[in-house]
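A.B. asks: With the input below, show me the fold.
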Amino acid sequence: MRIGEVAHQAGVSRDTVRLYTRLGLVACTSRPAGSRFYADYDDSAVELIKGIKVAQSIGFTLSELGPIAAAYVAGSLDDGRQRQLLAAKLEQIEDKRRQLGQMSEFLRAKLEDLGVARERE
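C.D. replies: Modelled structure (predicted):
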């Protein structure tokens with residue numbers, strides 16, 4: 001399958017497919033066509049790209065997804081490994097949420113202090 005068809009079926013741009021290919025998340029083979037070479041993708045690339053987009057939407061970075069995509073393609077991403085990865089990501093997100101809460105409280109307090117200081121002027 002050529003890049004345009006993969007991109008269309010996966011709902012992403014051709015540049016996204018190229019990026020995922022360059023990063024090693026999605027594999028392709030080169031196919032000669034006259035004096036040029038075209039990237040040829042397996043049908044499974046569409047589902048893999050859709051999975052990558054879902055994983056990104058819940059906080060996984062492309063660098064984190066490299067080994068995960070490789071395990072998926074190799075068929076070694078079992079339920080136990082998925083639970084482990086998701087639990088670790090949830091812990092990261094919860095830590096980030098706590099940090100953001102602390103930052104928010106700090107900023108609110110500073111804004112309140114500034115408001116009180118202005119009222120006194």
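
A.B. asks: I'd assumed Leu77 was in a strand, is it?
C.D. replies: No - assigned with DSSP: H, G, I helix; E, B strand; the rest coil, Leu77 falls outside any strand and is coil.

A.B. asks: all helices of the protein, in order?
C.D. replies: Counting by DSSP state H, the chain has helices at residues 3-10, 14-22, 44-57, 62-74, 79-120.

A.B. asks: Can you list the helices and strands that the first one packs against?
C.D. replies: Counting contacts by 3 or more CB pairs under 8 Å, 6 or more residues apart in numbering; DSSP states H and E, the secondary-structure elements packed against helix 3-10 are helix 14-22, helix 44-57. Where C-beta positions appear, they are placed from N, C-alpha and C, glycine not excepted.

A.B. asks: Buried residues, the shortest one. List them.
C.D. replies: For helix 14-22, the neighbour count (16 or more other CB atoms under 10 Å) marks Thr16, Val17, Tyr20, Thr21 as buried.

A.B. asks: I'd like the residues you listed as JSON lines, with pLDDT appended.
C.D. replies: Converted to JSON lines, the buried residues of helix 14-22 look like this (pLDDT from 0 to 100):
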{"residue": "Thr16", "pLDDT": "97"}
{"residue": "Val17", "pLDDT": "96"}
{"residue": "Tyr20", "pLDDT": "96"}
{"residue": "Thr21", "pLDDT": "95"}
